[in-house]
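Student: Just the structure for this:
(2 chains)
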Protein chains: 2
Amino acid sequence: MTVFDRLFADSTLSQLQEKDARDPLAHKRAEFKLPEGVVYLDGNSLGALPLTVPARLARVAEEEWGGQLIRSWTANAEAAQDWMNLPDRVAAKIAPLIGAQPHEVAVGDSTSVNIFKLLAAALHMAPPERRVILTDADNFPTDLYMAQGLNALLGEKYELRPVPSAELEANLTGDVALTLLTEVDYRTGHRLDMAGLTAKAHRHGILTVWDLAHSAGAFPVDLNGVGADFAVGCGYKFLNGGPGAPSFLFVAGRHQDSARAFLSGWMGHADPFEMARDFTPAPGARRYVVGTPTVLSLSALDAALDVFADVDMNVLRAKSLSLTDTFIDLMEPLTAQYPLTLVTPRNHDERGSQVSYRHPQAREVMQKLIESGILGDYRTPDILRFGFTPLYHSHADVWRAVQGIKRVLENEVLEEGERT
Amino acid sequence: MTVFDRLFADSTLSQLQEKDARDPLAHKRAEFKLPEGVVYLDGNSLGALPLTVPARLARVAEEEWGGQLIRSWTANAEAAQDWMNLPDRVAAKIAPLIGAQPHEVAVGDSTSVNIFKLLAAALHMAPPERRVILTDADNFPTDLYMAQGLNALLGEKYELRPVPSAELEANLTGDVALTLLTEVDYRTGHRLDMAGLTAKAHRHGILTVWDLAHSAGAFPVDLNGVGADFAVGCGYKFLNGGPGAPSFLFVAGRHQDSARAFLSGWMGHADPFEMARDFTPAPGARRYVVGTPTVLSLSALDAALDVFADVDMNVLRAKSLSLTDTFIDLMEPLTAQYPLTLVTPRNHDERGSQVSYRHPQAREVMQKLIESGILGDYRTPDILRFGFTPLYHSHADVWRAVQGIKRVLENEVLEEGERT
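Tutor: Take a look at the predicted model:
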């Protein structure tokens, strides 16, 4: 237990406020817009607005687009303001958050499209006799759908094998071409052992595609440290890049000569304005940038990432665990009183930055919570999901959230009593 | 010749100003930001900024994202302000500009990615013995690259057959699966006969994929009128949606049951929040929306499209032809004096909304033009390209542009004289 871990260890409101007073990340909250009267526990679905973003958007729209027009694609490159290299500059900001080198990261398109790119590249690299795509049966739907679509395009050559997460390790067998796994389960918040699974996959000759949707920006990720092959992640959750922000992908440096960018568009060409008839990939991961970058959305993400410039991700992780521990502890009495079941592991190593409960009326309970200003979300079939963002949450927020949940559950019970 | 056509027919400055005084679209210019001291002839690369866009971006960022947070995905659907249906609302605005029904259009991703989706769908529908993808050898590079990438992914099963545009018709043969053609050539401004080529392709059992990058918003397009099968287009050229704006695609209603969305993401699912394990396509073209929409960029495009609400596209086309005719006429003396060769057809039916010239020092000439405030663009190997946007150009702008070009060419010659 580090000094910082010990800073967070108790749980009455005044004690929580004392923790908040010593929180080394407390100053980050002022960098976000957080509406009055709301406890926002859904930053794992859409991160809150960093205050620098609106001014950046205004500048890009009015000056760069409106004033400089087409010249903005190449102008001011020396001041790092040209649009052509914007995807690379954003990639360079994301790289240290995920343990990657800048040339291993490309930014653009949606997470779904990036999953398609990486699955296509990885399947092409895998020995042709390996025909299984191993995935978590509870993986986020778009991961499954993109694999289904690619497999259909390839004539159903592969078998998509979804297994429960507890059985993943036992299924790392010689017929598996690759694994497609999301590190943190979007419903339960259960975190897989990325290092262990990657190592074991490699021992069996299996390539790994990791979805970092609920990892990047939520805690330190070390892709090169664990030897990951491919990864993809989301710009609008813990990276706070705005609704539908461009996604990122990672291709390990050692694979860049053999992995192929099948979605080969002009902005991934080594020299786009040569207007050559044949595709020659740009160096590094830039080749995975396909069409013209969505400059407005990408600029918002670029500005949002500056929030991380002075953040020690280990400190952020310690605070995240303290917040989620506090939440689990304060919720404990409610799980005895109401049909609430914690589904997020208590073990720190197995947890992301969210806490989830099952409840038989989860949809209705979340609706009431949202009406009362506690913004979490509901996930089918019966999950109440609460995301914690150490950049803008305090321990006092956690306390307020639990008081709000308690009130809603009490009222729910009353109404049920009235109905019977 | 219509009454409106007759309004535009002569070419001295005062006569041009008289035409401008009678221009039924003259009021549209006030809806755009156009910097002082610039004649902007590159709206075919990046359309100018519609003045409503910055306020819309500010509202989306500060209120919808910052204030309403995650609730904006579904809130205010009855007021057509929810983000979930934003792609469909934008599709419904584009549909009448291209002669399509709203359910035949999907908006999102880049033009490149949309080309991939449509090529994959069309190849899957074509009889398996047809192995040729017929394209224009001078097609825009990303069209060629995306076809190359898809073909590589499919094991080089197909032959990409690029032929000169004059030989396209003769190459519509029984081995061709589909044509991938851009209606207006990005370099020469030459417009293909979409109706004739589509009809002949169909007589030979060939599917058509049309790229409308330089068509949509530039003149009336009638996809259903010509019986087009598939089409794709660009949001940031004549639709003025901003740098890297989302692209659109079209799948004819008659193909929607047989065409498959291989890039099947959660936002194209019939019920995304059901979080089902298997992909069930949404009705109509919505299934081609893949990942989470880029709300900021998409909102800019949405606001930009409102510029077209009161525009008669036939009037816009008449003005476009008048502008390009005027430009060609005024440039005529310069082509006699300097090594300038008109490469855009004089025939109205074979022209888009741009005019291009070859010049042996095209790159240097365009650099000087841009420095002097005449913003066209250079395209390899020797093309000077000038785009005309009837929404914000006057005939007097054309006159000013030609005066500027004349001055640059005169100075160029002087400098060459000095060098020898």
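Student: Apart from its chain neighbours, what residue comes closest to the residue of the stretch 251-400 of chain A found nearest chain B?
Tutor: Nearest residue of the stretch 251-400 of chain A to chain B, counting by CB to the nearest CB: A:G291, 2.4 Å away. From N, CA and C alone the C-beta is placed, and that goes for glycine too. Of all residues not flanking A:G291 in the chain, B:S110 sits nearest, at 2.4 Å (CB to CB, 6 or more residues apart in numbering or on different chains).
Student: Can you give the distance of stretch A:218-226 from its chain's centre?
Tutor: Taking CA atoms, centre = their mean, to the nearest Å, one finds stretch A:218-226 lying 12 Å from the centre of the chain it belongs to.
Student: Relative to A:V311, how far out is A:F219?
Tutor: Separation of A:F219 from A:V311 (CB to CB, to the nearest Å) stands at 11 Å.
Student: neighbour-wise, which of the two wins?
Tutor: Ranked by neighbour count (other CB atoms under 10 Å in any protein chain shown), A:F219 and A:V311 place A:F219 first, with 23 against 16.
Student: ok now do that one, which residues does it touch?
Tutor: Contacts for A:F219 were tallied using CB atoms under 8 Å, 6 or more residues apart in numbering or on different chains; they are A:M313, A:L316, A:R317, A:S320, A:G352, A:S353.
Student: Equivalent analysis for A:T341, please.
Tutor: Applying CB under 8 Å, 6+ apart, the residues near A:T341 are A:T335, A:Y357, A:R358, A:H359.
Student: May I see these organised as a markdown table, with neighbour count and pLDDT added?
Tutor: Formatted as a markdown table, the contacts of A:T341 follow (neighbours: other CB atoms under 10 Å in any protein chain shown; pLDDT from 0 to 100):
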| residue | neighbour count | pLDDT |
| --- | --- | --- |
| A:T335 | 14 | 97 |
| A:Y357 | 25 | 98 |
| A:R358 | 16 | 98 |
| A:H359 | 21 | 97 |
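Student: Am I right that A:I370 sits in a helix?
Tutor: Yes. Applying DSSP: H, G, I helix; E, B strand; the rest coil, one finds A:I370 inside a helix.
Student: is it true that it touches B:R71?
Tutor: Yes. Counting by CB atoms under 8 Å, A:I370 does reach B:R71; the two are 7.3 Å apart.
Student: hmm, back to that, okay, now the residue nearest to A:G291: neighbour count?
Tutor: B:S110, neighbours per other CB under 10 Å, totals 31.
Student: nearest residue to the most centrally placed residue in chain A other than its sequence neighbours?
Tutor: Closest to where the C-alpha atoms of chain A average out (CA atoms, centre = their mean) is A:A213, at 2.5 Å. Among residues not flanking A:A213 along the chain, A:C234 sits closest, at 4.3 Å (CB to CB, 6+ apart).
Student: Check which strands are paired with the strand ranked longest in chain A and give the direction for each one.
Tutor: With secondary structure taken from DSSP state E, chain A has its longest strand at strand A:176-182. Note on strand A:176-182: by DSSP bridges, its sheet partners are strand A:132-136 (parallel), strand A:207-211 (parallel).
Student: could those go into TSV alongside mean neighbour count?
Tutor: Below are these laid out as TSV (neighbours: other CB atoms under 10 Å in any protein chain shown):
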stretch	mean neighbour count
strand A:132-136	23
strand A:207-211	27
